[in-house]
Each structure stands twice: as structure tokens, then as C-alpha cells.
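Asker: here are the coordinates; sequence isn't available:
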């Protein structure tokens, strides 16, 4: 099961070629990931509202670190007023890490073109020891429902 995250573009996301800059795409993916995983209690931080189990509060017991990103650009993303549809799912659950996968589509009320696919490897770290920590049974049980095949990159050479 994928979580659909609508993300609006900002005028400043465009580069000199009038499409979304590659660095800004990483920001869009980050925003989608944060909305999916790190919700405060006021935002409904439970499984039914996404994959959120890690609390978005200062002093949290868990730090998340990005170990790796991979992006494949399928076509340039033009500026548009309707939000992009960033689909997020988990491609792999490890012992202390997970692979978050994304596909970035155009607005759902358009022809819904695929613009990019990506993955991020995330390591869960205990805030008090600064060492990786195991995914808990509760997290694994909640996140398993969002587990599907990892993103397939087509332009490998």
C-alpha cells in the first residue's frame, strides 16, 4: 500500500530551464517523507494517517539519518499550480534501517505523468547513544502494511 502525498511546487523550485531543479526535487521528497513518517499527536500521528510512528517532537528518543539517496529522472517537472502526487512506500525493512521508495507523478486531475522515481535508505539511531537501534516490533508491524516491491530503476548501465 502506498501513501499519496500532495506537494505543491514553489516558484523558487524552478531553475533557469524552467523546470524543477534536481536539488529541489530532493527537498520535495524530504517534505513527503516527513509528512508520512513524522507527525505530531496534533496531526494524527498514528498508523491510519500514514506510516507515522516516530514522533516529531524535540527530544525524541530516535534520530533518523539518511544513509543513501538514489533518483532517476524520467522527465522534467514543469511548474504547475496543482500539487504533485508523491507516492511513498517501504521497499525494504532491515534490522535498524528501512528503504523508503517514491514515485513522483503529475497532478491526479491531469494525465498523471511519471516524473521521477527514487529511494532513500534511512537508519534509525538512538538519540542518547548515537548508535543505530533496531526497528521495534510495533514499528515493524505497522510498517509492514506499506511494504511492497522496491522501486525499479530502468536506466542502470
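Answerer: Structure received. Bear in mind the structure is a predicted one, so any value in this text is a computation, not a measurement. Residues are numbered from 1 along each chain as shown.

Asker: looking at the protein, which helix or strand is least sure?
Answerer: Using mean pLDDT, DSSP states H and E, helix 137-144 stands out as the lowest-scoring helix or strand of the chain, at a mean of 91.

Asker: Which neighbouring elements make contact with that helix?
Answerer: Identification of packing neighbours for helix 137-144 by 3 or more Cβ pairs under 8 Å, 6 or more residues apart in numbering; DSSP states H and E yields strand 84-93. Every C-beta, even on glycine, is put in place using the N, C-alpha and C of the backbone.

Asker: Pull the residues that contact the strand it packs on.
Answerer: Residues outside strand 84-93 that contact it (Cβ atoms under 8 Å, 6 or more residues apart in numbering) are 1-9, 28-29, 32-33, 36, 51, 77, 98-108, 112, 115, 119, 135, 140, 143-144, 146-151.

Asker: how about the most centrally placed residue in the chain, secondary structure?
Answerer: Centrality entry for the chain: nearest residue to the mean C-alpha point is residue 33, 3.2 Å, by Cα atoms, centre = their mean. Classification of residue 33 by DSSP: H, G, I helix; E, B strand; the rest coil places it in helix.

Asker: Good, we can wrap up now.
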